[in-house]
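Colleague: what's the 3D shape of this:
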Amino acid sequence: MAHQEWSTKFNELFSELDDPWNLEIVSNVVQESGWLQMQYTGKATFECSTATCNNRWTSVNAGARFYYRQSGFNTGQHRKVKLFLGGQKCLKCNGVFENAMWHNLCIERAITKLLNKVKQKFYALNVPTSTTGNAYVQADMSAPHQTSLCEFCALGICQHGEQNDIDSFASQFEHLDLDDVSDDDYDDVSDDDYDDVPDDDYDVY
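Modeller: Model (predicted):
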């Protein structure tokens, strides 16, 4: 599986650290203990691999899941990052999970966010919350996230799938009078509060 863009950008950004960090792109979620996790959602393009299908689509819910750790204090430091990139199925064929072709800006933002967390965790460096940037990624956001086509949903690690379940559950209580609930009872959640809060809310097929 070739994801040269991720490796190139990782090596470029992590080169500012004094210690060497290695990136490995894996085909499954990491089940080993001792790894810190960070999840990122961004924009990517997919293309159906079925010979008779020419479907191509863009999603702003493509998923990247990072696992990172520093180990081997007694035998020499080992600093490693594992990256699992989720696929999506074609809406027409509903076949295999196709690999994402990530947009360069999203790759840079994802790795920058990871780099900031590594700096904070292992180097005790203060990183401004705005370092990852707020660049706008243009996309048509008219279609809802389709959980049956999302590999992260199939693995149970997709926050969009969880949100769809919450919305479905909440719809059963639309008849309740909620006038007594004030806006002060809820807090907004920003991207910097939780690793697993995705950046966007919709897929485009």
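Colleague: for whichever strand or helix holds Trp57, packing partners?
Modeller: Element membership for Trp57 (DSSP states H and E) is strand 56-71. With contacts taken as 3 or more C-beta pairs under 8 Å, 6 or more residues apart in numbering; DSSP states H and E, strand 56-71 sits against strand 36-47, strand 78-85, helix 104-123, helix 151-154, strand 202-203. Any C-beta I mention is one placed from the backbone N, CA and C, and that applies to glycine too.
Colleague: which parts of the second one are buried?
Modeller: Think strand 78-85. Buried residues in strand 78-85, defined by neighbour count with 16 or more other C-beta atoms under 10 Å: 79-85.
Colleague: next: the third one.
Modeller: When neighbours are counted by 16+ other C-beta under 10 Å, the buried residues of helix 104-123 are found to be 106-119, 122.
Colleague: elements contacting it?
Modeller: helix 4-14, strand 36-47, strand 56-71.
Colleague: output the lowest mean pLDDT helix or strand found in this protein.
Modeller: Ranked by mean pLDDT, DSSP states H and E, the weakest helix or strand in the chain is strand 202-203, scoring a mean of 36.
Colleague: dump the buried residues of strand 78-85 into TSV; add distance to Thr58 and pLDDT as well.
Modeller: Compiled in TSV, the buried residues of strand 78-85 are given as follows (distance: C-beta to C-beta, whole Å; pLDDT from 0 to 100):
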residue	distance to Thr58	pLDDT
Arg79	34	95
Lys80	31	96
Val81	26	97
Lys82	26	97
Leu83	21	98
Phe84	21	98
Leu85	16	97
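Colleague: out of those residues, who's nearest Ser27?
Modeller: Of all these, Phe84 has the smallest distance to Ser27: 7.5 Å, by C-beta to C-beta.
Colleague: ok, now which ones touch the residue lying closest to that closest one once chain neighbours are set aside?
Modeller: Counting by C-beta to C-beta, 6 or more residues apart in numbering, Arg65 is the residue found nearest to Phe84 once chain neighbours are left out, at 4.7 Å. Listed by C-beta atoms under 8 Å, 6 or more residues apart in numbering, the contact set of Arg65 reads 29, 37-40, 83-86, 152, 157.
Colleague: measure Arg65 to Val81 for me?
Modeller: 11 Å (C-beta to C-beta, to the nearest Å).
Colleague: please apply the same query to Val26.
Modeller: According to C-beta to C-beta, Val26 stands 10 Å off from Val81.
Colleague: next one: Ile25
Modeller: Relative to Val81, and taking C-beta to C-beta, Ile25 is found at 10 Å.
Colleague: low pLDDT regions in this protein?
Modeller: In the predicted model, the chain carries pLDDT under 70 at residues 1-2, 73-76, 129-143, 161-205.
Colleague: including distance to Glu5, could the buried residues of strand 78-85 go into JSON lines?
Modeller: Converted to JSON lines, the buried residues of strand 78-85 look like this (distance: C-beta to C-beta, whole Å):
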{"residue": "Arg79", "distance to Glu5": "21"}
{"residue": "Lys80", "distance to Glu5": "19"}
{"residue": "Val81", "distance to Glu5": "15"}
{"residue": "Lys82", "distance to Glu5": "17"}
{"residue": "Leu83", "distance to Glu5": "12"}
{"residue": "Phe84", "distance to Glu5": "16"}
{"residue": "Leu85", "distance to Glu5": "11"}
